[in-house]
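K.L.:
here's a sequence, model it:
(chains A and B)
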Amino acid sequence: MHNIMPAIYGLNSLEKSMLSIIPEAVIILFAFIVLFITFFEKIAKSKNSYYLSLIGIAFSILYVVMLSGRNLTGFYGSVVFNGYDVFLFIAILLSGFLTVLVSKDYIENFDVPYPEYYSIILFGISAMMFLVSSNNLIMVFISLEFMSICAYILTGYIRGNTRSTEAALKYLILGTFASAFLIFGSVFIYAAVGHLNLNSIHTYLENISYVKHGSDLILNGISEYLSIGLLLFMIGLAFKMSLFPFHAWTPDAYDGAPTPITSFMATGIKIAAFAVFLRIYLLIYNYNVINFNDILWVLAVLSMTFGNIAAILSTNIKRLLAYSSIAQAGYILIGIIGGGFYGYSGTLFYLFAYIFMTAGAFAVVIIFENSDIASLDIKKYSGVGYKYPFISAAMAFFMLSLAGIPVTSGFMGKFYVFSAAVKSGYYWLVFIALLNSAFAAYYYIKVIVKMYMPDKEDSNVSCIAAEGKNYGIVNGNISEGIMLAIIICLFFTLIMGVYPQIFINFANYSAASLASL
Amino acid sequence: MAFFMKYILTILIFFPTVAVLILLPINKKNEGLLRNLATLLSLLEFIASYYLFIYFRPDTYKFQFVEKFNWIPSFGASYFLGIDGISLFLILLTTLLTFVSLLSSYRYIKDHVKEFVILMLLLETFMLGTFAALDILLFYVFWEFMLLPMYFIIGMWGTGKRIYSAVKFFLYTLAGSLIMLFGLIYIFIIHYQQTGNFTFNLIRLYNTSIPVNLQILLFIALFLGFAIKVPIFPFHTWLPDAHTEAPTAGSVILAGVLLKFGIYGFFRFAIPLLPNAAQILAPYIVVIGVIGILYGAFVSIVQKDLKRLVAFSSVSHMGFIMVGLFAFTAISINGAVYQLLNHGVDTGALFLFVGMIYERMHTRQIKDLGGIAKKAPILTVLFLTSVLASVGLPGLNGFIGEFLILIGSFRSYPVLTIIGTSGIIFAAVYLLWMFQRVMFQDPHDQTAPYNHHLESFDDMNLREIITVLPLIILMFLMGFYPDPFLDRIGPSVLHFLTMLNHHKIIYNAIKIKTGLSNA
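P.N.:
Okay, the predicted model is just below:
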């Protein structure tokens, strides 16, 4: 590994290592600055922490852009930085940026300290970035745990709220269980191959598989350990990706968590988990006796089908989006199963598109929730389309994007991964996925129906009917932060749907450096 | 002008979108201005689209007014537009009917006027785009997005079970479209495997050779997408609901343009892309078409709701067109395309009249109507003209289309054609009987309570006459002098048949060769 490291300005080893984690380091620096603000009570009350977080993320994006095109390796090969990371860092940082933007009004509704809140979000972002760039099984475990702990704290951040606390506890217990699977899997893999570095494992397995025909014995000796290890490892990650049999925490945690954090979990954590899974899958999983594509096939079909059925039955908008995210995970998985350069690029494209449609939908939910905490019931959306034309139109657009209707990024993403899977011969998988999309359109449309075509019996529960209360939105009091977040999401969702070529090029660049590893 | 002629299709497609941007800043409350401006802009669009007709060269089958730009090079998708004789007239029909339906809705649409005109104009953009696209991905984007404005129009301004109908319409057609998408992606990948190039260019994809067994499967996938849109007999259940509950303008567009997309899809995509499967499956599809003719006619006879009756008559008419198309003779396909235009004109007009009667009588139940003829002579005459055109009276347009279809298909399927012909007789039964009951029935009849709205029934005003006049003129023009239409349709149809026969010859040659080698 060390020989491919470029000599940059004659730096020594430690300095080179530091260079490879600059984007993460910037985020951590700002996280500490925000944290130190709490020492000074006067400043802590102001909005400094909010702006500081945004600036920190912006700086980090700047550093990612400056470092792009470099191939960096640090800390004895346990951290890498290449085109793949550039793409995903930007995705994660944008997801974090949107989360911070939508958080301000929401968190001020509650009596909780908020500099710490922003600080933990920043730590979470850095953990996701470490997870994406980690190239070592131990590093994967540490950053995954770091990320999860941030998520546990944020889920239960609203201390007085029993639902929030319950969600955090459930998430913590199940999450720890999943981490145990992950570390157990790592142990088995290490026992089988004797390496922790992903590249070393890759090289080792490749060498074995070249001499496979001559020496079946070598492979036989390790294949049981390796299979068990990979299986357990996959379960640990599938939990974070919220794939079907390991999804149980998702609806509760998404529902109970503060809505900006739900958005963060649905976008950031999911992307980071998919990113690291894709990297490891490509390096290790292909060289094994078990065909892991078949297992993923089953997981994808189950996730899509279960997610869609459960979403149809849910009446709470956050739960609906939670189940929808399980189904979306199934669609994303199709790109990985499809495989090849085309499939990996499609997966990355879909992940990028997925951030904006999901974060946008949650931003609209937050606007309605800020005005009335009880408005999570879809019935409450009855008739809002005429009252608040812009945000309702935005919500309708995000719903259509999630449903995969053309002119949105969701369609292009689905088209990309589905054609990749057809290309690799997974006809039935794509067929099932398309039927699922048709099926799923029902509940996305349900939200639009409520917004634009109110029934008579609904009108007494809608936001409109209860005019007397103080609805933030009625007074035209939507904060700039959320509006900006919605506009960013709309922009990307539309552009990726109408003229996706720039983003495809970006995803191709990223997938190319992934495949060259 | 040169610029206009060079990019005429793009300008036509996106002019309604520009019109939407013009309308957006106008205050919601200013409904008169919104309506008038939208109608005026759609009239402008229609006049502009007439240039296509003037400059269209009838002596070639090749695509004209072609525009091609790179869109998504990674998928080989391009912004590729062009029209032949068939899409030419369908585009003209679309621009005309959009204008007509905007003009027709002055009285019907009372609330959310701004949203309504915006959705109608957006719908126009996507309908025109679907007819002009020669790139499969571009086609699909236009095709599927088109559902949305229609869904909103039914759901927001419909009557009765509007939400149920709108959601059913949306999900039913979406399911079909997605299965069709599967077929299209498959063909795209097969072409890639054969040539190593990603392309969605329709003309290049025509040359993909696909094994016959696979063709049949893919044809079924495409068939589902298009058949639901047509709709052909077993897949028609969304149509009566959507038509009945939609506002008049929605029904006109739905019957006049949206139903055409299914047939157009068969003509442009399904049959030329999968020619052997189309030929193998044609007899079955003709049988389904004949069943559709009879089923639509029988069900129309017993309808109690006026609008539902007209809706079911569409199922019957679409059966005729399917028979004409899948008979694969030059005359029958010419007839099918001609009948496609006729159906848009006739049924569009019928829905307009049904809408006018509903606005005045506040009911669509045939038994509650009656005695209108005495009150409204102009309405009666014009309504009768469209009913007769739909029945197929010689001298009006319906006759030409049905005649061509029946002559043409008799050569391929004599027995089925004879059975199908009885559909014309049933059409006379249900339409004329309906007309008799609605217009002449004694309103003081004991079977139903007297409808007091009849007292204040006023005849058509100038706006309504202007609304239907273009359609009435077209009925006579297309009935007496079909040449300008058939001249332009003809070359495209002949080319379509040449392509089909070419594949048939190759297929037969392969069959003979393999047969010989087996022997």
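
K.L.:
what strands line up against the longest strand anywhere in chain B, and which way round?
P.N.:
Taking DSSP state E as the criterion, chain B has its longest strand at strand B:64-72. Sheet pairing for strand B:64-72, assigned by DSSP bridges, gives strand B:77-83 (antiparallel).

K.L.:
can you name every helix or strand that the helix or strand just after the strand it pairs with contacts?
P.N.:
Downstream of strand B:77-83, the next assigned helix or strand under DSSP states H and E is helix B:85-104. Using 3 or more C-beta pairs under 8 Å, 6 or more residues apart in numbering or on different chains; DSSP states H and E as the contact criterion, the elements in contact with helix B:85-104 are helix B:8-23, helix B:31-55, helix B:113-132, helix B:248-253, helix B:259-265, helix B:330-361, helix B:462-480, helix B:483-518. All C-beta atoms are positioned from the backbone trio N, CA, C, and that covers glycine.

K.L.:
give me the mean pLDDT for the fourth one.
P.N.:
By that I understand helix B:248-253. In this model, helix B:248-253 has a mean pLDDT of 90.

K.L.:
got a list of contacts for the longest strand of chain B?
P.N.:
Here strand B:64-72 makes contact (C-beta atoms under 8 Å, 6 or more residues apart in numbering or on different chains) with A:499-501, A:504, B:6-10, B:52, B:55-57, B:77-84, B:134-135, B:137-138.

K.L.:
dihedrals phi and psi, the residue of the stretch 201-350 of chain B found nearest chain A?
P.N.:
Going by C-beta to the nearest C-beta, chain A is nearest to B:Ala221 of the stretch 201-350 of chain B, at 8.8 Å. Backbone torsions for B:Ala221, taken as degrees, to the nearest 10, come to phi -60, psi -50.

K.L.:
that one contacts B:Phe182, doesn't it?
P.N.:
Yes: assessed by C-beta atoms under 8 Å, B:Ala221 is found in contact with B:Phe182 at 5.5 Å.

K.L.:
from the rest of the structure, what touches stretch B:11-29?
P.N.:
Here stretch B:11-29 makes contact (C-beta under 8 Å, 6+ apart) with B:4, B:33-34, B:37-38, B:41-42, B:44-45, B:48-49, B:52, B:81, B:91, B:95, B:98, B:113-114, B:117-118, B:121-122, B:124-125, B:128-129, B:132.

K.L.:
again, only using 7 Å
P.N.:
Contacts with stretch B:11-29, where a contact means C-beta atoms under 7 Å, 6 or more residues apart in numbering or on different chains, come from B:4, B:33-34, B:37-38, B:41, B:45, B:48-49, B:114, B:117-118, B:121-122, B:124-125, B:128-129, B:132.

K.L.:
now for B:Tyr186, how many residues are close by?
P.N.:
B:Tyr186: 22 surrounding residues under other C-beta atoms under 10 Å in any protein chain shown.

K.L.:
meant to ask about A:Ile173, not that
P.N.:
Using other C-beta under 10 Å, A:Ile173 has 11 other residues around it.

K.L.:
for chain B, what is the nearest residue in the stretch 101-250 of chain A?
P.N.:
With C-beta to the nearest C-beta as the measure, A:Phe244 is the residue of the stretch 101-250 of chain A nearest to chain B, at 21.6 Å.

K.L.:
need the contact list for that residue.
P.N.:
A:Leu299, A:Leu302, A:Ser303, A:Phe306, A:Ile326.
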